[in-house]
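Provided below are the primary sequence and the corresponding predicted coordinates.
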Amino acid sequence: MSEKNASVPDLPIPGAPAPAAPELAEPTEPREPLPPKPDQDGPETVSPTGVPTGAPKASNAQSGRYLTTAQGVRLQDTDHSLKAGPRGPVLLQDHHLREKITHFDHERIPERVVHARGAAAHGVFVANGAAEGVTRAGFLAKGTETPVFVRFSTVLGSRGSADTVRDTRGFSTKFYTDEGNYDLVANNIPVFFIQDAIKFPDVIHAGKPHPDREIPQAQSAHDTFWDFVSLHTEAQHHTMWNMSDRGIPRSYRTMEGFGVHTFRLVNAKGETTLVKFHWKPRQGVHSLVWEEAQIINGMDPDFHRRDLADAIEAGAFPQWDLGIQVFPDTEDEMFEGIDLLDPTKLVPEELAPVQLIGTMTLNANVTNYFAETEQVAFHPGHLVPGIDVTNDPLLQGRLFSYIDTQLTRLGGPNFSQIPINRPHAPVNDMLRDGFHQDAVHSGVAPYQPNSLDGGCPFMAGADMGAFIDVPAEVPSARKVRENPATFDDHFSQVRMFFRSLTPVEQDHVVQAYTFELGKCYEENIRLRQLQSLANIDERLAAEVATGLGLEAPAPTVAVEDTEPSPALSQLGGTWPVAGRIIGVVADEATDLAALTEVLTAIDAEGMVPLVVAPHAGKLGGEVAIQRTYLTARSTEFDAVVVAASGTPATDAVDSLDAKAGNPEGHPSLDPRVTLLLAEAFRHAKAIGAWGDGAAVLQAAGLPAGAPGVVVGDAADVTAGLAGLLGAHRVWERFPTAVA
């Protein structure tokens, strides 16, 4: 190579997130805001009535070296709420918290700022009575049936984003109890990115699309997200969960839910207990593989909401058991060395088993998406007697934020009068007027006390079902913006989570970090996150670094090893197969009597068979066809059965369908059948064949005798697939990259 060609020129590759590259260390020297990038411009500076002001366009942007309030007052701290002592309640006088959260809550109209993309359903919750000793909440008494409305959602994407993105999922349940509405506002991940609500605008601003281009949509694979979490290391635990298979659930039906925070329960004697809430899906916890999720985002961006609605319509009603982890309500609010007020920590189930207290069944879809799913308003402060909050600083901020956001999103303070939000208990709140007031109040005395309305409404005592705030003692303290020292460990539980996963799950975590960091433009951001990974697990950091072409750093923090928690792994169990989708490939050469037998057997197991054929209509004028080679894709199915010859259909032409490909490799097979089988095999799905289907598997190049491939007569294949689907996927089909 000549000297002239010895090096590659430093080309100006587009995509830099900022006008200047960031330093590896967090900047500490005050400076003015960076100017816009060269490719950016802004609107002309005119007055509200359109008169030119002559001011430079940059005058519309932020100014000054220091963080200030909206009134221009410089701030010393924006990481901690003002509390009565490091462990005390957040004070209402915290003007900075209120301004920051209030402004954040009103940044989107009318779409939710977070959890905008959602799907919901109606159902019923039946208590088993196991919670009666720890709470006097009436809906948890044995045999009590309570109507519920559940909304599932993604966090980062807009309403029009795709379902199967890598993200946290919301899992919020409104219980319409006879004591008033109770909302359990949960996620599918038991920990959160931040320890204090004052940081919520920061983490969401970092995760949302870049503000200049409004991309990438519904993704964390970009510079601003990793810039934040690599600097704010308390986010590492939640981030690890997102990078695991939990970030891409198979369906809402196979997703756990967690209340995240520690709550306080009160029983009939006034005794208190601390608890964490868990939703356990009866079908098990299952996820997509990464390629599968990517294909689905293009083929069917409504995959999760469609799956939920279809399952309910088919009668395969999703079910979850509600459980609680129970802890003594001690003065220090600690359990086995774990701070119960830290929302970035979990309590392993091996230390505190989940005690099941009831079962929820979703049995009806919504009638109108906007009226129900979009207008439902959840709030962690919607409590009933027997359930109270703790001083978790993230929860304390949410108690303000959720009700505040409804004022903009739902047009005023009367959102509880929207049909989907109405309590199923008498309401006499003395609240009057306001936007969207639907009630027609009688009486002349909406105040208390009064005599003109006969004294009504009256106060209720504890014996009449009144909500009584737990008289928790607040110790003498100073007003400070601090966290207790027990919040400082940001790595040990992340290490525990990673080391609790099976090798195949750890492979997926490595792949996820490598992909996400590989999408970052700035190398220093990758290096900074690699440092956190090194503090979590050196092998994890080394493998991700190899994928990024970087050197893995040495740990900088001594992290204590803890026992793995097997409950954190999704694999290893056996689960019911009801609701699984089976693709049955058939054609005119298929034995229709045997096909009917297979379809009936699949249905009898509570699974849903979908016939995939070369054309639409009916096979032999008898068996209905649900999918064609053109419209089917492997990602829709949990397993595939082949009972066809696989002969190319008449539309297997490149110019008609890109999936048709080039049939020269397997001229006897329709290329779309080959693609279907190759993807299903690659994604560790069970595959069966009978009749001509056995030859199709061989022609498609599937290894003979591979794990999870069942060949035999129709009855044997059906039984074999049902057994395999109990484990969801055939993970043993592939060797793992980790030891």
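Perfect, thanks for sending it.

the helices in the stretch 501-650 of the chain, which residues?
Along the stretch 501-650 of the chain, the segments classed as helices by DSSP state H, counting those that start in this stretch run 503-518, 523-536, 538-548, 592-604.

okay, the longest one in PDB with CA atoms only?
Coordinates of each C-alpha in helix 503-518 appear next as PDB, following Å, rounded to 0.1, in the frame of the first residue of the first chain:
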ATOM      1  CA  PRO A 503     -26.400 -19.400  29.500                       C
ATOM      2  CA  VAL A 504     -28.800 -18.900  26.600                       C
ATOM      3  CA  GLU A 505     -30.300 -15.900  28.300                       C
ATOM      4  CA  GLN A 506     -26.900 -14.500  29.000                       C
ATOM      5  CA  ASP A 507     -26.100 -14.800  25.300                       C
ATOM      6  CA  HIS A 508     -29.100 -12.700  24.600                       C
ATOM      7  CA  VAL A 509     -28.000 -10.000  27.100                       C
ATOM      8  CA  VAL A 510     -24.600  -9.800  25.500                       C
ATOM      9  CA  GLN A 511     -26.200  -9.500  22.000                       C
ATOM     10  CA  ALA A 512     -28.500  -6.800  23.200                       C
ATOM     11  CA  TYR A 513     -25.800  -4.600  24.800                       C
ATOM     12  CA  THR A 514     -23.600  -5.100  21.700                       C
ATOM     13  CA  PHE A 515     -26.400  -4.100  19.400                       C
ATOM     14  CA  GLU A 516     -27.600  -1.100  21.400                       C
ATOM     15  CA  LEU A 517     -24.100   0.300  22.100                       C
ATOM     16  CA  GLY A 518     -23.200  -0.400  18.500                       C
END
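
still on that earlier bit, so which of the helices of the stretch 501-650 of the chain is the most packed in?
Most buried of the helices of the stretch 501-650 of the chain, by mean neighbour count (mean count of other Cβ atoms under 10 Å): helix 523-536, with a mean of 22. C-betas here are computed from N, CA, C, even on glycine.

hmm, back to that, Throw the helices of the stretch 501-650 of the chain into JSON lines and include distance to residue 342 and mean pLDDT, thanks.
Converted to JSON lines, those look like this (distance: least, Cβ to Cβ, whole Å; pLDDT from 0 to 100):
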{"stretch": "helix 503-518", "distance to residue 342": "23", "mean pLDDT": "97"}
{"stretch": "helix 523-536", "distance to residue 342": "17", "mean pLDDT": "98"}
{"stretch": "helix 538-548", "distance to residue 342": "23", "mean pLDDT": "97"}
{"stretch": "helix 592-604", "distance to residue 342": "47", "mean pLDDT": "90"}
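
tell me which of those sits nearest to residue 732.
Each of the helices of the stretch 501-650 of the chain was checked against residue 732 via Cβ to Cβ, and the shortest separation belongs to helix 503-518, namely 8.9 Å.

follow-up on the earlier one: can I get the helices of the stretch 501-650 of the chain in a markdown table with distance to residue 409?
Conversion of the helices of the stretch 501-650 of the chain to a markdown table gives the following (distance: least, Cβ to Cβ, whole Å):
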| stretch | distance to residue 409 |
| --- | --- |
| helix 503-518 | 30 |
| helix 523-536 | 33 |
| helix 538-548 | 39 |
| helix 592-604 | 43 |
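
so how far is residue 302 from the residue nearest to residue 407 when sequence neighbours are not counted?
Taking Cβ to Cβ, 6 or more residues apart in numbering as the measure, residue 407 lies nearest to residue 413, with 6.5 Å between them; neighbours along the chain are not counted. When Cβ to Cβ, to the nearest Å is the yardstick, residue 413 and residue 302 sit 33 Å from each other.

on that earlier part again, what are the phi and psi values at the residue nearest to residue 407?
Phi and psi for residue 413, reported as degrees, to the nearest 10, are phi -80, psi 0.

next up, the contacts around it.
With contact taken as Cβ atoms under 8 Å, 6 or more residues apart in numbering, residue 413 is in contact with 406-407, 431, 434-435.

please repeat the previous calculation with a cut-off of 10 Å.
Contacts for residue 413 (Cβ atoms under 10 Å, 6 or more residues apart in numbering) come out as 403, 406-407, 431, 433-437.

swap in residue 465?
With Cβ under 10 Å, 6+ apart as the criterion, the residues that contact residue 465 are 136, 138, 178-180, 384-386, 425.

what's the closest of the residues you listed to residue 675?
After measuring the contacts of residue 465 against residue 675 - Cβ to Cβ - the closest member comes out as residue 384, at 52.5 Å.

any idea how far residue 194 is from that closest one?
Note on residue 384: its distance to residue 194, by Cβ to Cβ, is 27 Å.

list the buried residues in stretch 558-572.
Judged by neighbour count using 16 or more other Cβ atoms under 10 Å, the buried positions of stretch 558-572 are 559, 564-565, 568-571.

want to throw those into a markdown table with distance to residue 710?
Rendered in a markdown table, the data for the buried residues of stretch 558-572 read as follows (distance: Cβ to Cβ, whole Å):
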| residue | distance to residue 710 |
| --- | --- |
| 559 | 45 |
| 564 | 33 |
| 565 | 34 |
| 568 | 31 |
| 569 | 26 |
| 570 | 23 |
| 571 | 21 |
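
ok, these vs residue 22, which is closest?
residue 559 (26.1 Å).

ramachandran angles for that closest one?
In this entry, residue 559 is assigned phi and psi values of phi -110, psi 130 (degrees, to the nearest 10).

that one touches residue 499, doesn't it?
No: Residue 559 is beyond contact range of residue 499, at 11.1 Å (criterion: Cβ atoms under 10 Å).

joint contacts of those two?
Between them, residue 559 and residue 499 share these contacting residues under Cβ under 10 Å, 6+ apart: 536-537.
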